[in-house]
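J.: Okay, predicted coordinates and the sequence, questions at the end:
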Amino acid sequence: MAEQRRGRRIAMSEQEVDAFLAQERTCRVATAGADGPHLTALWFLWHERALWLTSLTRAKRWAQLARDPRVSVLVDAGHEYGELRGVELRGEVEFVGEAPRTGLDCPDLVEPERLFATKYFGLDQMIHDGRHGWLRLRPNSVVSWDFRKLAGL
């Protein structure tokens, strides 16, 4: 994974990144297509150093990622300048399981689906609607910042 160079003093530790991504709910996913960049908001799960996304398989983002799996994902929080913090993850997504997902046996999805269902729906298991599929991003670059650390500099 690429090491962060700029802003090292305000960068989050690996443990801080894990805690931040575990608590946040919405990310912004940037994909590339023939007509330029495309940016959308999605719910996500951070599990075992991978970002898990579920997307409509008929979405523009899905088609773009099928052609070019490179992605940049941003998760950020804060209202005032001194509260701003975030993580940018970059890499190539993998399609996991059948698409659209109907619930066929897929060992890679057992735990992510359980955790996602709990996080967003308060359920013990995922309900499959036959319209969504799973994407996994094992980032090759993670850049983070936490402006709350500026007060101590």
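T.: Everything's here; your move.
J.: Report the next helix or strand after the helix or strand containing Trp52 in sequence order.
T.: Here Trp52 sits within strand 50-56, counting by DSSP states H and E. Next helix or strand after strand 50-56 toward the C-terminus (DSSP H and E): helix 60-67.
J.: tell me what that following helix is packed against?
T.: Taking 3 or more Cβ pairs under 8 Å, 6 or more residues apart in numbering; DSSP states H and E as contact, the helices and strands that helix 60-67 lies on are strand 26-33, strand 36-47, strand 50-56, strand 85-96. Backbone N, C-alpha and C define where each C-beta goes, glycine included.
J.: ok, Cys106 touching Val96?
T.: Yes: using Cβ atoms under 8 Å, Cys106 is in contact with Val96, at 6.9 Å.
J.: Looking at the two, which has the bigger crowd around it?
T.: Val96 (19 against 14; other Cβ atoms under 10 Å).
J.: How about that one: what's its closest non-neighbour residue?
T.: Trp134 (4.4 Å; Cβ to Cβ, 6 or more residues apart in numbering).
J.: Ramachandran coordinates for the one you found?
T.: phi -110, psi 140 (degrees, to the nearest 10).
J.: Any idea what it is bridged to?
T.: Thr54, Val96 (DSSP bridges).
J.: Output the below-cut-off pLDDT ranges for this structure.
T.: 1-6, 152-153 (pLDDT under 70).
J.: Can you tell me the centre-most residue of it?
T.: Nearest to the geometric centre of the chain sits Leu51, at 4.2 Å (Cα atoms, centre = their mean).
J.: returning to that earlier point: residue contacts, the residue nearest to Val96?
T.: 52-54, 95-97, 99, 101, 109, 112 (Cβ atoms under 8 Å, 6 or more residues apart in numbering).
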